[in-house]
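Asks: Generate a structure from the sequence data that follows.
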Amino acid sequence: MTAPWLEELQSAPVIRPRRWAEISSMPASTVYDAIKRGDLPSIHLGSAIYIPTQPLCDLLGIAIAQEDEQ
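Replies: Numbers count the residues shown, from 1 in each chain. Predicted coordinates for the structure are as follows:
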C-alpha cells in the first residue's frame, strides 16, 4: 500500500507550501524560508505560491508515473 502523500506527489504537478510542510514534517516557516532563499523551487502566481512536485520527487528519488500519450 502506498502512502497517500506519495501518490499526491506522483500525480499532482504542484503542491502548496503548507502541504509540503505537512508531508515533510517541517515547520511552514522553514518551507517559506527555503523558497525565499531559492533552495526550494517555486512558482508564484499573484500572491499564491506553488511548489512543482517533479523537483521534490527527483530530490527524494521518487519516480513519477508518466501518462501514456497517444
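
Asks: buried sites along stretch 22-40?
Replies: Ile23, Val31, Tyr32, Ala34, Ile35, Leu40 (16 or more other C-beta atoms under 10 Å). The way it works is simple: take the backbone N, C-alpha and C, and place the C-beta from them, glycine included.

Asks: out of those residues, who's nearest Pro52?
Replies: Leu40 (9.7 Å; C-beta to C-beta).

Asks: per-residue confidence averaged over the longest helix along the chain?
Replies: The helix spanning the most residues in the chain, taking DSSP state H as the definition, is helix 28-37. For helix 28-37, mean pLDDT rounds to 97.

Asks: contacting residues around it?
Replies: Pro17, Arg18, Trp20, Ala21, Ser24, Leu40, Ser42, Ile49, Ile51 (C-beta atoms under 8 Å, 6 or more residues apart in numbering).

Asks: Rank those residues by pLDDT and give me only the lowest.
Replies: Lowest confidence among the contacts of helix 28-37: Ser24, with 90.

Asks: Next, the contact list for that residue, please.
Replies: With C-beta under 8 Å, 6+ apart, Ser24 has these contacts: Val31.

Asks: repeat for Leu9
Replies: For Leu9, the contacting residues are Ile15, Ile23, Thr53, Leu56, Cys57, Leu60, Ile62, by C-beta under 8 Å, 6+ apart.

Asks: Off-centre distance for the helix or strand hosting it?
Replies: Using DSSP states H and E, Leu9 sits within helix 4-11. Its chain's average C-alpha position is 9 Å from that of helix 4-11, according to C-alpha atoms, centre = their mean, to the nearest Å.
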